[in-house]
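[1] No letters, just coordinates:
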């Protein structure tokens, strides 16, 4: 089986790290993986997205036209990627930064106020982990424990004090169902 995921938002929202972490977790689980980042020249505030493909066997092409899942961290990302989500696929939306409903009826979607939830946990930088938790809570791609393990193994040791909050953010997101 092969699962394609696009994570999209503004630079500085942790878009690339989210995709990278998902990729590491899948690799650690023995899956074949591609991760392709794309971002504008701006340091913060420009557009950023990444494509992650997770498969049980060799991946034929890293290009994705119709992803099985999209994490849209802002309105421009929702506008760009809603039309291309695979029929029956999943759209995870940060409703803290999106002011409209999903138009498509042939996909599942979960909208959660990720910025607000992250702030409730004590750090707005946890927004991406809340959204990644929502993805894993609604898409059978890798187990949550695998992602937590990858976070611990691939996060620099100087940031390990942040692991409990990151785990809480993942669980908080996973509690939202499409």
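    Structure's in. What do you need? Just so it is clear, the structure is predicted and the values come from calculations on it, not from any experiment.

[2] And the pLDDT for the nearest residue to residue 174 once chain neighbours are set aside?
    Computed as Cβ to Cβ, 6 or more residues apart in numbering, the closest residue to residue 174 that is not its neighbour in sequence is residue 137, at 3.1 Å. Placement of C-beta: from N, CA and C, glycine included. Per-residue confidence at residue 137 stands at 98 (pLDDT).

[3] what's the helix or strand for residue 137?
    Take DSSP states H and E as the rule and residue 137 turns out to sit in helix 127-138.

[4] how far is that helix from where the chain is centred?
    Computed by Cα atoms, centre = their mean, to the nearest Å, the chain-centroid distance of helix 127-138 equals 6 Å.

[5] got the contact list for it?
    With Cβ atoms under 8 Å, 6 or more residues apart in numbering as the test, helix 127-138 has contacts from 5, 7, 13-15, 17-18, 21-22, 69, 71, 73, 90, 92, 94, 96, 108, 110, 112, 114-115, 117-118, 121, 141-144, 147, 166, 169-178.

[6] could you pull out the helices for the protein?
    Per DSSP state H, the chain carries helices over the ranges 15-28, 75-81, 114-121, 127-138, 144-154, 163-174.

[7] Mean confidence (pLDDT) on the first one, please.
    If I follow you right, that is helix 15-28. Average pLDDT, helix 15-28: 97.

[8] Does anything pack onto it? Which helices or strands?
    Helix 15-28 sits against strand 2-10, strand 32-39, strand 47-55, helix 127-138, helix 144-154, with contacts defined as 3 or more Cβ pairs under 8 Å, 6 or more residues apart in numbering; DSSP states H and E.

[9] I'd like the ones you listed laid out as CSV, including distance to residue 77 and mean neighbour count.
    Below are the helices and strands packed on helix 15-28 laid out as CSV (distance: least, Cβ to Cβ, whole Å; neighbours: other Cβ atoms under 10 Å):
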stretch, distance to residue 77, mean neighbour count
strand 2-10, 4, 24
strand 32-39, 12, 16
strand 47-55, 7, 22
helix 127-138, 11, 26
helix 144-154, 21, 17
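
[10] Of all these, which one is nearest residue 62?
    Closest approach to residue 62 among the helices and strands packed on helix 15-28 is made by strand 32-39 (4.2 Å; Cβ to Cβ).

[11] Quick one: list the elements packing against that closest one.
    Under the contact criterion of 3+ Cβ pairs under 8 Å, 6+ apart, strand 32-39 touches helix 15-28, strand 47-55.

[12] Quickly run through the sheet partners of that strand, with directions.
    strand 47-55 (antiparallel) (DSSP bridges).
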